[in-house]
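Chemist: Sequence first, predicted coordinates after that:
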Amino acid sequence: MQARDLIDCDGDSEAGEVFCVVSNVIYGPNFSWVVSGSSDGEVVMKITGCPLLKEAMEIGADYGGLAGTCQEYVRSAVENLNPRCTSRYTKCMCSGDDCCENVIGVRS
């Protein structure tokens, strides 16, 4: 399995399908993302719509801890679906970035 298989909802990857279904259950149907780049060993997932962050902002909640929780979920999901892979965030909307950028790659 390649790193791209983890988030390829339109492909034949069972792990990718499970990741997408679980993410939609947790984040809701307004969770939006695209694959913005890939290579043989990694995929860049750009998250542009986060219903959790939107809701926190609308009710005036402190969303500082939201990023850590979200990132831990994604890392755990990726690593449990394929123990050869891991993820790391390079951008985070909760910290003021315009999107969340998650790099999923094969562990070295």
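Modeler: That came through, no problem.
Chemist: What ranges in this protein fall below the confidence cut-off?
Modeler: The model of the chain has pLDDT under 70 over residues 1-16, 40.
Chemist: What segments of it are helices?
Modeler: With DSSP state H, the ranges of helices along the chain come out as 14-27, 51-58, 66-81.
Chemist: Output those helices in CSV; the columns should cover distance to residue 34 and mean neighbour count.
Modeler: Placement of C-beta: from N, CA and C, glycine included. Below are the helices of the chain laid out as CSV (distance: least, CB to CB, whole Å; neighbours: other CB atoms under 10 Å):
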stretch, distance to residue 34, mean neighbour count
helix 14-27, 13, 16
helix 51-58, 16, 15
helix 66-81, 15, 16
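Chemist: mind putting those in JSON lines, distance to residue 102 included?
Modeler: Output for the helices of the chain, formatted as JSON lines (distance: least, CB to CB, whole Å):
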{"stretch": "helix 14-27", "distance to residue 102": "11"}
{"stretch": "helix 51-58", "distance to residue 102": "14"}
{"stretch": "helix 66-81", "distance to residue 102": "6"}
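Chemist: closest to residue 100 out of the ones you listed?
Modeler: Nearest to residue 100 among the helices of the chain is helix 66-81 (7.7 Å), distances taken as CB to CB.
Chemist: which other helices and strands contact that closest one?
Modeler: If you count contacts as 3 or more CB pairs under 8 Å, 6 or more residues apart in numbering; DSSP states H and E, helix 66-81 packs onto helix 14-27, helix 51-58, strand 85-91, strand 100-106.
Chemist: re the thing from before, and residue 98, which of the helices of the chain is closest to it?
Modeler: That would be helix 51-58 among the helices of the chain, by CB to CB, at 12.2 Å.
Chemist: can you redo the helices and strands packed on helix 66-81 as TSV with distance to residue 41?
Modeler: Shown next, in TSV, are those (distance: least, CB to CB, whole Å):
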stretch	distance to residue 41
helix 14-27	16
helix 51-58	29
strand 85-91	10
strand 100-106	5
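Chemist: Mind checking those for the one nearest to residue 68?
Modeler: Closest of those to residue 68 is strand 85-91, at 9.9 Å (criterion: CB to CB).
Chemist: List the pairing partners of the closest one within its sheet, with orientation.
Modeler: Strand 85-91 pairs in its sheet with strand 100-106 (antiparallel), by DSSP bridges.
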